[in-house]
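Chemist: below are the sequence and a predicted model; questions follow.
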Amino acid sequence: MSNTITTILFDLGGVLIDWNPRYVYHAVFNTKEEADWFLQNICTHDWNEQQDSGQSLQDGTEELVARHPRWEKEIRTYYQRWSEMLGGPLPDTVELFRKLREQQRYKFYALTNWSAETFPVALDRYEFLHWFDGILVSGAEGVRKPFPRFYELALQRFGLHPSETIFIDDNGRNVEAARALGIKSVHFQSAEQLAAALRAENIIF
């Protein structure tokens, strides 16, 4: 029953929290295809990650409007209606988190790519975010996954040892970056798949 894992490090979006800009833009545009085109070409994932890396929402918005003035209204909608992109907790994973926490065997931390300006919305909305022993928010630190410095900052700040930590993320890019630093990692697909992966590591719940 013993294992070397002492700490479980969670990603948030896509693992514990459902977040998707399509919840807003499928209502903004007439068709799903138009919304998808806009998110693939104007308000892109890469653009959003600039704010996750510490750029202010205002600066990010104004820079994008300057590049695409035709889409000004739709661009400004992104952060004006950002809270509507939160679809809620992913209940099966939150329940798994609860069961793990009840064991009182592990420390729990979160490592999230998230704007420092929008993260307080989630913190107020989701009680389970207060279950963590600590949360590192990329926008507050000025660095994000998959850059090694962000993982190293988490290890240092929380006093974690890579060989004693298991990291869970739904983005394969972020998982590979953690593994490169010696952190055992799970590429999250579903709560059921995660539970099986944790059982394989003798993390009992």
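Modeler: Cool, the structure landed. Numbers count the residues shown, from 1 in each chain.

Chemist: what are the ranges of the helices in this structure?
Modeler: Here the chain has its helices, by DSSP state H, at 22-28, 32-41, 45-52, 57-67, 72-80, 91-102, 119-125, 138-141, 148-158, 172-180, 191-200.

Chemist: between those, which one is closest to Gly13.
Modeler: Among these, the nearest to Gly13 by Cβ to Cβ is helix 119-125 (8.9 Å). Where you see a C-beta, it was placed from the backbone N, CA and C, and this is true even at glycine.

Chemist: for Ile204, give me the pLDDT.
Modeler: pLDDT recorded at Ile204 is 74.

Chemist: again, but for Leu181
Modeler: In the prediction, the pLDDT value recorded for Leu181 is 98.

Chemist: and for it, the neighbour number?
Modeler: 14 (other Cβ atoms under 10 Å).

Chemist: isn't it right next to Pro162, touching?
Modeler: Yes - taking Cβ atoms under 8 Å as the definition, Leu181 is a contact partner of Pro162 at 5.8 Å.

Chemist: find the residues that touch each one of the two.
Modeler: Residues touching both Leu181 and Pro162 (Cβ atoms under 8 Å, 6 or more residues apart in numbering): Leu155.

Chemist: can I get the helices of the chain in JSON lines with mean neighbour count and distance to Thr6?
Modeler: Converted to JSON lines, the helices of the chain look like this (neighbours: other Cβ atoms under 10 Å; distance: least, Cβ to Cβ, whole Å):
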{"stretch": "helix 22-28", "mean neighbour count": "17", "distance to Thr6": "37"}
{"stretch": "helix 32-41", "mean neighbour count": "14", "distance to Thr6": "39"}
{"stretch": "helix 45-52", "mean neighbour count": "17", "distance to Thr6": "28"}
{"stretch": "helix 57-67", "mean neighbour count": "15", "distance to Thr6": "37"}
{"stretch": "helix 72-80", "mean neighbour count": "17", "distance to Thr6": "38"}
{"stretch": "helix 91-102", "mean neighbour count": "16", "distance to Thr6": "12"}
{"stretch": "helix 119-125", "mean neighbour count": "14", "distance to Thr6": "25"}
{"stretch": "helix 138-141", "mean neighbour count": "20", "distance to Thr6": "23"}
{"stretch": "helix 148-158", "mean neighbour count": "17", "distance to Thr6": "11"}
{"stretch": "helix 172-180", "mean neighbour count": "17", "distance to Thr6": "16"}
{"stretch": "helix 191-200", "mean neighbour count": "15", "distance to Thr6": "14"}
